[in-house]
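[1] Fold the following and give me the result.
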Amino acid sequence: MKNSRPVMHPRPEDPGNPTARATERLLKIRAVFDDDNSARSAEVLIKHVTAELECDTQSFTFDDLDSPGPGIAAARSASDTDILVVSVSDDGALPRHVKAWLDLYLGLRDRDREGALVVLIANPAETTNTDSSLVEYLETVAAIGGMSFIPSRRCVASVPLHMKDGILVQ
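    Numbering: from 1, shown residues only. The predicted model follows:
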(Lines give C-alpha, C1' and ligand atoms only; values in the text may rest on other atoms or scores of the structure.)
Protein backbone atom coordinates (compact mmCIF):
# COMPACT_ATOMS: atom_id res chain seq x y z
CA MET A 1 0.00 0.00 0.00
CA LYS A 2 1.04 3.53 -0.63
CA ASN A 3 1.82 5.81 2.27
CA SER A 4 0.57 9.37 1.91
CA ARG A 5 1.74 12.45 3.73
CA PRO A 6 -1.15 14.49 5.19
CA VAL A 7 -1.53 17.89 3.56
CA MET A 8 -3.85 20.65 4.72
CA HIS A 9 -5.73 22.47 1.95
CA PRO A 10 -7.68 25.69 2.58
CA ARG A 11 -11.29 25.66 1.44
CA PRO A 12 -11.63 27.52 -1.87
CA GLU A 13 -14.51 29.59 -0.50
CA ASP A 14 -12.38 30.88 2.41
CA PRO A 15 -8.65 30.50 1.63
CA GLY A 16 -7.57 33.06 4.23
CA ASN A 17 -9.32 31.44 7.19
CA PRO A 18 -6.74 29.64 9.37
CA THR A 19 -9.51 27.71 11.14
CA ALA A 20 -10.67 26.24 7.83
CA ARG A 21 -7.11 25.17 7.02
CA ALA A 22 -6.60 23.58 10.45
CA THR A 23 -9.81 21.52 10.38
CA GLU A 24 -9.27 19.90 6.99
CA ARG A 25 -7.21 16.72 6.74
CA LEU A 26 -6.91 13.62 4.67
CA LEU A 27 -9.01 10.57 5.39
CA LYS A 28 -6.76 8.40 7.56
CA ILE A 29 -6.89 4.66 6.91
CA ARG A 30 -4.82 1.93 8.55
CA ALA A 31 -4.93 -1.73 7.56
CA VAL A 32 -3.63 -4.80 9.36
CA PHE A 33 -3.44 -8.12 7.55
CA ASP A 34 -2.28 -11.72 7.99
CA ASP A 35 -0.98 -12.64 4.49
CA ASP A 36 -0.37 -11.33 0.97
CA ASN A 37 -3.87 -12.17 -0.27
CA SER A 38 -5.42 -10.33 2.66
CA ALA A 39 -3.14 -7.35 2.01
CA ARG A 40 -4.29 -7.25 -1.63
CA SER A 41 -7.94 -7.44 -0.55
CA ALA A 42 -7.45 -4.49 1.80
CA GLU A 43 -5.62 -2.51 -0.86
CA VAL A 44 -8.33 -3.13 -3.47
CA LEU A 45 -11.09 -2.21 -1.02
CA ILE A 46 -9.39 1.03 -0.05
CA LYS A 47 -8.65 1.91 -3.67
CA HIS A 48 -12.26 1.36 -4.78
CA VAL A 49 -13.96 3.05 -1.84
CA THR A 50 -11.65 6.07 -1.83
CA ALA A 51 -11.07 6.43 -5.58
CA GLU A 52 -11.92 10.14 -5.57
CA LEU A 53 -10.24 10.99 -2.26
CA GLU A 54 -6.73 11.73 -1.13
CA CYS A 55 -5.97 9.47 1.82
CA ASP A 56 -3.26 8.91 4.38
CA THR A 57 -2.97 5.12 4.14
CA GLN A 58 -0.59 2.75 5.86
CA SER A 59 -0.63 -1.01 6.36
CA PHE A 60 0.92 -3.42 8.84
CA THR A 61 1.39 -7.19 8.81
CA PHE A 62 0.31 -9.18 11.83
CA ASP A 63 4.03 -9.88 12.35
CA ASP A 64 4.67 -6.10 12.59
CA LEU A 65 2.22 -5.99 15.50
CA ASP A 66 4.13 -8.67 17.44
CA SER A 67 7.31 -6.62 17.92
CA PRO A 68 7.17 -4.13 20.81
CA GLY A 69 8.60 -1.10 18.98
CA PRO A 70 6.82 -1.51 15.64
CA GLY A 71 3.63 -2.71 17.33
CA ILE A 72 3.43 0.35 19.58
CA ALA A 73 4.21 2.64 16.64
CA ALA A 74 1.44 0.97 14.60
CA ALA A 75 -1.06 1.39 17.47
CA ARG A 76 -0.15 5.06 17.82
CA SER A 77 -0.46 5.55 14.07
CA ALA A 78 -3.87 3.86 14.04
CA SER A 79 -5.23 5.47 17.23
CA ASP A 80 -6.68 8.49 15.41
CA THR A 81 -7.58 6.70 12.20
CA ASP A 82 -10.90 7.20 10.46
CA ILE A 83 -11.00 3.62 9.16
CA LEU A 84 -9.21 0.57 10.53
CA VAL A 85 -9.27 -2.40 8.14
CA VAL A 86 -8.59 -5.87 9.57
CA SER A 87 -8.05 -8.22 6.64
CA VAL A 88 -7.71 -11.95 7.27
CA SER A 89 -7.55 -15.10 5.17
CA ASP A 90 -10.20 -16.97 7.20
CA ASP A 91 -12.57 -16.50 10.11
CA GLY A 92 -10.40 -18.34 12.63
CA ALA A 93 -9.33 -16.74 15.88
CA LEU A 94 -6.87 -13.87 15.75
CA PRO A 95 -3.39 -14.56 17.13
CA ARG A 96 -2.95 -13.55 20.76
CA HIS A 97 -0.50 -10.74 19.87
CA VAL A 98 -3.03 -9.20 17.44
CA LYS A 99 -5.67 -9.18 20.17
CA ALA A 100 -3.14 -7.55 22.52
CA TRP A 101 -2.40 -4.98 19.81
CA LEU A 102 -6.12 -4.24 19.42
CA ASP A 103 -6.32 -3.71 23.20
CA LEU A 104 -3.43 -1.23 22.96
CA TYR A 105 -5.08 0.46 19.96
CA LEU A 106 -8.34 0.85 21.91
CA GLY A 107 -6.46 2.23 24.91
CA LEU A 108 -4.91 4.94 22.75
CA ARG A 109 -8.07 5.74 20.79
CA ASP A 110 -10.34 8.63 21.77
CA ARG A 111 -13.74 6.98 22.20
CA ASP A 112 -15.50 10.19 21.13
CA ARG A 113 -13.78 10.10 17.74
CA GLU A 114 -15.90 8.82 14.87
CA GLY A 115 -14.52 5.97 12.84
CA ALA A 116 -15.13 2.57 11.36
CA LEU A 117 -13.66 -0.88 11.78
CA VAL A 118 -13.88 -2.92 8.57
CA VAL A 119 -13.19 -6.64 8.64
CA LEU A 120 -12.40 -8.48 5.41
CA ILE A 121 -12.53 -12.27 5.50
CA ALA A 122 -11.07 -13.62 2.26
CA ASN A 123 -12.17 -17.27 2.38
CA PRO A 124 -15.00 -18.36 0.08
CA ALA A 125 -18.53 -17.61 1.26
CA GLU A 126 -19.61 -21.27 1.32
CA THR A 127 -17.04 -22.07 4.02
CA THR A 128 -17.48 -18.90 6.06
CA ASN A 129 -19.12 -19.31 9.43
CA THR A 130 -21.80 -16.60 9.58
CA ASP A 131 -21.74 -16.74 13.39
CA SER A 132 -17.97 -16.44 13.49
CA SER A 133 -16.42 -15.69 16.87
CA LEU A 134 -13.92 -13.53 14.94
CA VAL A 135 -16.72 -11.32 13.62
CA GLU A 136 -18.32 -11.15 17.07
CA TYR A 137 -14.98 -10.28 18.64
CA LEU A 138 -14.23 -7.50 16.14
CA GLU A 139 -17.77 -6.16 16.45
CA THR A 140 -17.14 -5.89 20.20
CA VAL A 141 -13.81 -4.12 19.55
CA ALA A 142 -15.67 -1.63 17.33
CA ALA A 143 -18.34 -1.06 19.98
CA ILE A 144 -15.75 -0.47 22.71
CA GLY A 145 -13.92 1.97 20.43
CA GLY A 146 -17.14 3.81 19.51
CA MET A 147 -16.74 2.86 15.84
CA SER A 148 -19.10 1.66 13.16
CA PHE A 149 -18.57 -1.99 12.24
CA ILE A 150 -18.52 -3.18 8.63
CA PRO A 151 -17.96 -6.92 8.01
CA SER A 152 -17.24 -8.35 4.56
CA ARG A 153 -16.96 -12.07 3.97
CA ARG A 154 -15.43 -12.27 0.52
CA CYS A 155 -12.13 -11.88 -1.19
CA VAL A 156 -12.18 -8.40 -2.66
CA ALA A 157 -8.84 -8.66 -4.47
CA SER A 158 -10.67 -9.51 -7.69
CA VAL A 159 -14.15 -8.10 -7.03
CA PRO A 160 -14.83 -4.43 -7.89
CA LEU A 161 -16.54 -2.73 -4.93
CA HIS A 162 -18.04 0.67 -4.27
CA MET A 163 -20.12 2.44 -1.65
CA LYS A 164 -23.83 2.86 -2.33
CA ASP A 165 -25.97 4.57 0.29
CA GLY A 166 -23.26 3.92 2.89
CA ILE A 167 -23.12 0.17 2.17
CA LEU A 168 -20.22 -1.71 0.59
CA VAL A 169 -21.53 -3.44 -2.57
CA GLN A 170 -20.17 -5.26 -5.62
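[2] Quick check: which ranges of this structure have low pLDDT?
    The model of the chain has pLDDT under 70 over residues 1-24, 124-131, 154-170.
[3] again, 50 this time
    1-15, 17-22, 124-125, 128, 160-164, 166-170 (pLDDT under 50).
[4] Now do the helices in it.
    18-23, 36-49, 62-66, 68-78, 96-108, 133-144 (DSSP state H).
[5] so how far is residue 69 from residue 138?
    25 Å (C-beta to C-beta, to the nearest Å). Just so you know, the C-beta spots here come from the backbone N, C-alpha and C atoms, and that holds for glycine as well.
[6] Looking at these two, which is more packed in?
    Using other C-beta atoms under 10 Å as the criterion, residue 138 and residue 69 rank with residue 138 on top: 22 against 8.
[7] how far away is the more buried one from residue 85?
    Counting by C-beta to C-beta, the gap from residue 138 to residue 85 is 11 Å.
[8] Mutual contacts of these two, please.
    residue 119 (C-beta atoms under 8 Å, 6 or more residues apart in numbering).
[9] what's the nearest residue to residue 39 if we skip its chain neighbours?
    residue 33 (4.5 Å; C-beta to C-beta, 6 or more residues apart in numbering).
[10] residues in contact with residue 77?
    30, 58.
[11] repeat for residue 31
    1, 39, 42-43, 46, 57-60, 84-87.
[12] out of those residues, who has the most neighbours?
    Neighbour max across these (other C-beta under 10 Å) = residue 87, 30 neighbours.
[13] my read: it touches residue 36, true?
    No: with contact defined as C-beta atoms under 8 Å, residue 87 does not reach residue 36; the gap is 10.6 Å.
[14] gap between residue 97 and residue 103?
    Distance from residue 97 to residue 103, by C-beta to C-beta: 10 Å.
[15] got it, and residue 40?
    27 Å.
[16] picking up where we left off before, how about the contacts of residue 31 in CSV, adding distance to residue 134?
    What follows is the contacts of residue 31, written out as CSV (distance: C-beta to C-beta, whole Å):
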residue, distance to residue 134
1, 22
39, 18
42, 16
43, 21
46, 21
57, 23
58, 23
59, 19
60, 18
84, 15
85, 14
86, 9
87, 12
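[17] right, and the helices of the chain - which one's nearest residue 120?
    In terms of C-beta to C-beta, the element of those nearest to residue 120 is helix 36-49, at 5.0 Å.
[18] No further questions, thank you.
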